[in-house]
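Chemist: Starting from these lines, generate the structure:
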Amino acid sequence: MFLIWWIIVGLIAGWITGKIMKGSGYGALMDIVVGIVGAFIGGFIMRLLGFAGSGGMIYTIIVAVFGAVVLTLVIRLVTKKG
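Modeler: Numbering: from 1, shown residues only. Sure, this is the predicted structure:
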């Protein structure tokens, strides 16, 4: 059940991040990966800022989207051509 939870959160967060960042998208599988990695990054940043790591599905998705946006920004900065 835990794995299904992370897949759902990852998919939703990755999809929302794609809409926020106005990218072409990477497809469902990469949306899941970006969302899950974003959740870890977002959780790490939130703990550094002193926020508790507890909350429901909405809190988890918001943190995952925040982390995924940060991840996408960093990737775009690193891979920027020109």
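Chemist: Please name the residues that touch residue 17.
Modeler: Neighbouring residues of residue 17 by CB atoms under 8 Å, 6 or more residues apart in numbering: 31, 34-35, 38, 65, 68-69, 72. Placement of C-beta: from N, CA and C, glycine included.
Chemist: 6 Å instead, please
Modeler: 65, 68-69, 72 (CB atoms under 6 Å, 6 or more residues apart in numbering).
Chemist: Hmm, which of these is lowest in pLDDT?
Modeler: Sorting the contacts of residue 17 by pLDDT puts residue 72 at the bottom of the list (89).
Chemist: low pLDDT regions in the protein?
Modeler: For the chain, the stretches with pLDDT under 70 are 23-25, 53, 82.
Chemist: Can you list the residue ranges for helices in it?
Modeler: 2-21, 28-48, 57-79 (DSSP state H).
Chemist: Which strands or helices does the longest one pack on?
Modeler: Where contact means 3 or more CB pairs under 6 Å, 6 or more residues apart in numbering; DSSP states H and E, helix 57-79 is packed against helix 2-21, helix 28-48.
Chemist: for the first one, which positions count as buried?
Modeler: Taking 16 or more other CB atoms under 10 Å as the neighbour-count basis, helix 2-21 is seen to contain the buried residues 9-18.
Chemist: Dump the contacts of residue 17 to CSV, plus distance to residue 48 and neighbour count.
Modeler: Output for those, formatted as CSV (distance: CB to CB, whole Å; neighbours: other CB atoms under 10 Å):
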residue, distance to residue 48, neighbour count
65, 17, 23
68, 17, 29
69, 16, 19
72, 19, 18
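Chemist: Spell out which two among those residues are the most distant pair, please.
Modeler: Greatest spacing in the contacts of residue 17, by CB to CB: 65 and 72 (10.3 Å).
Chemist: can you redo the contacts of residue 17 as a markdown table with distance to residue 2?
Modeler: Listed next are the contacts of residue 17 as a markdown table, based on distance: CB to CB, whole Å:
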| residue | distance to residue 2 |
| --- | --- |
| 65 | 20 |
| 68 | 20 |
| 69 | 24 |
| 72 | 25 |
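Chemist: which one among those residues gets closest to residue 3?
Modeler: residue 68 (18.7 Å).
Chemist: So that closest one sits against residue 15, correct?
Modeler: No - with contact defined as CB atoms under 6 Å, residue 68 does not count as touching residue 15 (9.8 Å).
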